[in-house]
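**Student:** Have a look; sequence and predicted model below, questions after that.
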There are 2 protein chains.
Amino acid sequence: MAVYTDIAEDDLRWFLTEYDAGTLLSYKGIAEGVENSNFLLHTSKAPLILTLYEKRVEKSDLPFFLGLMQHLSAGGLSCPLPLPRKDGALLGTLSGRPAALISFLEGMWLRKPEAKHCREVGKALAQMHVAGEGFALTRPNALSLEGWQVLWDKSEARADEVEPGLQNEIRSELNFLRAHWPKDLPDGVIHADLFPDNVFFLGDELSGLIDFYFACNDLLAYDVSICLNAWCFEKDGAYNITKGMQMLEGYQSVRPLSEAEIKALPVLSRGSALRFFLTRLYDWLTTPEGAMVTKKDPLEYLRKLRFHRQISSPVEYGLSL
Amino acid sequence: MAVYTDIAEDDLRWFLTEYDAGTLLSYKGIAEGVENSNFLLHTSKAPLILTLYEKRVEKSDLPFFLGLMQHLSAGGLSCPLPLPRKDGALLGTLSGRPAALISFLEGMWLRKPEAKHCREVGKALAQMHVAGEGFALTRPNALSLEGWQVLWDKSEARADEVEPGLQNEIRSELNFLRAHWPKDLPDGVIHADLFPDNVFFLGDELSGLIDFYFACNDLLAYDVSICLNAWCFEKDGAYNITKGMQMLEGYQSVRPLSEAEIKALPVLSRGSALRFFLTRLYDWLTTPEGAMVTKKDPLEYLRKLRFHRQISSPVEYGLSL
């Protein structure tokens, strides 16, 4: 939720002459995206999103993100599509920042998703995994085992401030995951952040996926485990097996999981719970009091991690074997 | 620049059933308006602005603001038009706040307005003054002489922190204005905050005025003096007489100023410069360091105030007498 950079109307009009985007009618900074500045443009043609990439995004990653959206869109996935400039480039410069024009996706994210929506999300995730095949660029997942260790090294000393005993618990969790992390599962391009605010619906129909700025190459089933964590727990911390069942059935209706992937779900889910726990823990410990940013509770993901730890069979996620 | 309140998609859909607004396609919090939360809605009909009124706006003032927009729009002014609910009311409730749906105005505000734009602004201001005639509700200007004194009482003790000697200068300015403030000039509904970000243009054509949340009843020529302060000074502090001339000619092409109004321009301009100086001074002294809000420099308006103080004839504003 942020607009970091204002744009002068003249500069924007000049920027748009590089595109075949119609005449500019209005632009508004929108409260969306934490890493970038986003504007909703109305033109004489279609509405567009203009994104200015702020410092937190690596400029060298932008061809991967923009190319991926183009590749997925060409593969039939409903997602934002970067508009090429007249010279074919997907990226320009505006207000001193790398900038892209991207198609506007109608739809709303659900504050209270139900089981039927989880099914649609599972389907769309699998569609994304299939559509991602053949994409030429790659980007390693900076937030996998090694990245977790880096985050943990920065937080470990103060972890017990958040909950006594946390230091030991996370240390041994990291050891466990390093020893048991699966290696030979199908991999490909994953979204890696498919939370409810990144999935749009029109009524009960899924209208598209957005925000591919964590996308990377990793195990496809790891992406499934992120969605189980993000969609299938209730506010009180309980796992909703109906949502899990719908999510997994939806996914498998497009791309069936292999036996090895299914077997790995508990350990993958421990990993993805730990991943969000660690970034939240780091933000929790480093964001100054009074900063106008909502701090997300890291303990939510600690509770999810503990749930996955006591899973004895993937059936408990709602899988019909 | 603020979105204070998030809206659940379900609540919004429920809210919209009270209106004949089409089917909701999307809504985005926009970085516009300092006092309220604003959302840009796309529907199957036309785009709309949804405003949630936050605490800083007096609920009892809302019928004045919304009724005024309706009145001005009916009088031919291009400005946002509140959409009535099916029961005829202009105001509903959403997320626990008073809320209104308002037509979306295409256009952009000019970061670098030129003299020709000042002419259009002058014309539109006069059109607003004429269109405001006959509006049944009234709202006193809380930021005139008395309100200035209230603000000053809160800031006086610390004023010399901003610039040595300020305490004496502003005290005697207030005394002067109290003694010389004009009383018998034409009055009516004024905008009271017609800064560049509240005027939209499409190309060089003015497409509309927005943000009537400071509107009130006061001297019409006082509103002109606000626009001289807001539009006709350059970044270096110099008064641009060409812009002033265009602004005043534009205004008078719709509503000629009386001799008394013209004579009063210097004192009115001192008053409006002081008004913005005082609110900025108060914010400057009370906004904590590090708050994510842009503090506006009060000294900009002190310099304008000093300029008006040395005016010996209204001709110096660019008026052809």
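**Tutor:** Alright, I've got the coordinates.
**Student:** Which stretches in the stretch 151-300 of chain A count as helices?
**Tutor:** A:159-162, A:166-180, A:220-231, A:241-254, A:259-286, A:299-309 (DSSP state H, counting those that start in this stretch).
**Student:** roughly how far apart are the residue nearest to residue A:5 when sequence neighbours are not counted and residue A:237?
**Tutor:** Once flanking residues are discounted, residue A:5 sits nearest to residue A:37: 4.6 Å by C-beta to C-beta, 6 or more residues apart in numbering or on different chains. All C-beta atoms are positioned from the backbone trio N, CA, C, and that covers glycine. Separation of residue A:37 from residue A:237 (C-beta to C-beta, to the nearest Å): 35 Å.
**Student:** Please, which helix or strand holds the residue nearest to residue A:5?
**Tutor:** strand A:36-43 (DSSP states H and E).
**Student:** So for that strand, mean pLDDT?
**Tutor:** Strand A:36-43 shows a mean pLDDT of 94.
**Student:** Keeping just the C-alphas, turn the next helix or strand after it into CSV.
**Tutor:** With elements assigned by DSSP H and E, the helix or strand that comes after strand A:36-43 is strand A:48-53. C-alpha atoms of strand A:48-53 as CSV (Å, rounded to 0.1, in the frame of the first residue of the first chain):
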residue,chain,number,x,y,z
LEU,A,48,-3.8,0.5,-17.7
ILE,A,49,-1.5,0.0,-14.7
LEU,A,50,1.7,2.0,-14.7
THR,A,51,4.3,0.6,-12.4
LEU,A,52,7.4,2.5,-11.3
TYR,A,53,10.0,0.1,-9.9
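**Student:** angle of strand A:48-53 against strand A:36-43?
**Tutor:** Relative orientation of strand A:48-53 and strand A:36-43, computed by axes from the mean of the first three to the mean of the last three C-alpha atoms, to 10 degrees: 160 degrees.
**Student:** who touches the helix or strand just after strand A:48-53?
**Tutor:** Downstream of strand A:48-53, the next assigned helix or strand under DSSP H and E is helix A:62-74. Here helix A:62-74 makes contact (C-beta atoms under 8 Å, 6 or more residues apart in numbering or on different chains) with A:53, A:79-82, A:90-91, A:98, A:100, A:102, A:128, A:131-132, A:134-139, A:189, A:212-213, A:215.
**Student:** in helix A:62-74, what's buried?
**Tutor:** Buried residues in helix A:62-74, defined by neighbour count with 16 or more other C-beta atoms under 10 Å in any protein chain shown: A:62, A:64, A:65, A:66, A:68, A:69, A:70, A:71, A:72, A:73.
**Student:** Toward the C-terminus, what is the element adjacent to that helix?
**Tutor:** Toward the C-terminus, helix A:62-74 is succeeded by strand A:92-94 as the next helix or strand (DSSP H and E).
**Student:** just the CA coordinates of the very next helix or strand once past that next one, formatted as PDB?
**Tutor:** Next helix or strand after strand A:92-94 toward the C-terminus (DSSP H and E): strand A:97-103. Only the C-alpha atoms of strand A:97-103 are listed here, as PDB (Å, rounded to 0.1, in the frame of the first residue of the first chain):
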ATOM      1  CA  ARG A  97      12.800   4.900 -12.400                       C
ATOM      2  CA  PRO A  98      12.300   1.800 -14.600                       C
ATOM      3  CA  ALA A  99       8.700   1.900 -15.600                       C
ATOM      4  CA  ALA A 100       6.200  -0.400 -17.300                       C
ATOM      5  CA  LEU A 101       2.700  -0.200 -18.700                       C
ATOM      6  CA  ILE A 102       0.600  -3.200 -17.900                       C
ATOM      7  CA  SER A 103      -2.900  -4.200 -18.800                       C
END
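**Student:** So is strand A:97-103 next to chain B?
**Tutor:** No. Counting by C-beta under 8 Å from any C-beta of the partner chain, chain B is not contacted by strand A:97-103; separation bottoms out at 12.7 Å.
**Student:** other SSEs contacting that strand?
**Tutor:** strand A:48-53, helix A:62-74, strand A:92-94 (3 or more C-beta pairs under 8 Å, 6 or more residues apart in numbering or on different chains; DSSP states H and E).
**Student:** Could you check the helix or strand following that strand and say which residues are buried?
**Tutor:** The C-terminal neighbour of strand A:97-103 among helices and strands, as given by DSSP H and E, is helix A:115-131. When burial is assessed from 16+ other C-beta under 10 Å, helix A:115-131 yields the following buried residues: A:115, A:117-131.
**Student:** What is the burial count for the nearest residue to residue A:266 once chain neighbours are set aside?
**Tutor:** In this structure, residue A:266 finds its nearest non-sequential neighbour in residue A:311, 4.4 Å apart by C-beta to C-beta, 6+ apart. Residues near residue A:311, counting by other C-beta atoms under 10 Å in any protein chain shown, number 16.
**Student:** got it, and residue A:297?
**Tutor:** 13.
**Student:** try residue A:43
**Tutor:** 18.
**Student:** And for the one 4 residues further on?
**Tutor:** Around residue A:47 there are 18 other residues, counting by other C-beta under 10 Å.
**Student:** Wait, it touches residue A:105, no?
**Tutor:** No. Residue A:47 is not in contact with residue A:105 according to C-beta atoms under 8 Å; the separation is 9.5 Å.
**Student:** re earlier: checking the residue nearest to residue A:266 next. Helix, strand or coil?
**Tutor:** coil (DSSP: H, G, I helix; E, B strand; the rest coil).
**Student:** same check, this time on the one 4 residues further on
**Tutor:** Taken by three-state DSSP, the conformation at residue A:315 corresponds to helix.
**Student:** Return the residues in contact with the nearest residue to residue A:23 once chain neighbours are set aside.
**Tutor:** Nearest in space to residue A:23, with sequence neighbours left out and distances taken as C-beta to C-beta, 6+ apart, is residue A:44 at 4.2 Å. Residues in contact with residue A:44 (C-beta under 8 Å, 6+ apart) are A:22, A:23, A:25.
**Student:** ok and the one helix or strand the last one maps to relative to strand A:36-43, angle-wise?
**Tutor:** With elements delineated by DSSP H and E, residue A:25 resides in strand A:24-30, which encompasses its position. What separates the directions of strand A:24-30 and strand A:36-43 is an angle of 150 degrees, with the same axes, to 10 degrees.
**Student:** just checking, what packs against the helix-or-strand element of chain A with minimal mean pLDDT?
**Tutor:** Here the helix or strand of chain A ranked lowest by mean pLDDT, DSSP states H and E is helix A:159-162, holding a mean of 91. With contacts defined as 3+ C-beta pairs under 8 Å, 6+ apart, the packing partners of helix A:159-162 are helix A:166-180, helix A:259-286.
**Student:** and those as TSV, adding distance to residue B:205?
**Tutor:** Formatted as TSV, the helices and strands packed on helix A:159-162 follow (distance: least, C-beta to C-beta, whole Å):
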stretch	distance to residue B:205
helix A:166-180	61
helix A:259-286	47
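**Student:** Kindly report the domain assignment for chain A.
**Tutor:** A:9-103, A:115-317 (automatic domain parsing).
**Student:** Residue A:198 reaches residue A:211, doesn't it?
**Tutor:** Yes. Here residue A:198 reaches residue A:211: they are 4.5 Å apart, a contact under C-beta under 8 Å.
**Student:** So for those two, which residue has more residues nearby?
**Tutor:** Using other C-beta under 10 Å, the more surrounded residue of residue A:198 and residue A:211 is residue A:211, with 21 against 18.
**Student:** residues in contact with that one?
**Tutor:** A:33, A:193, A:197, A:198.
**Student:** Tell me which residues touch residue A:75, please.
**Tutor:** Residue A:75 neighbours (C-beta under 8 Å, 6+ apart): A:130, A:131, A:132, A:133.
**Student:** Take those residues and write them to a markdown table, including distance to chain B and pLDDT.
**Tutor:** As requested, these are exported to a markdown table (distance: C-beta to the nearest C-beta, whole Å; pLDDT from 0 to 100):
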| residue | distance to chain B | pLDDT |
| --- | --- | --- |
| A:130 | 27 | 98 |
| A:131 | 23 | 98 |
| A:132 | 26 | 98 |
| A:133 | 30 | 98 |
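**Student:** Columns distance to residue B:157 on top of these, output as CSV?
**Tutor:** Formatted as CSV, the contacts of residue A:75 follow (distance: C-beta to C-beta, whole Å):
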residue, distance to residue B:157
A:130, 69
A:131, 66
A:132, 64
A:133, 70
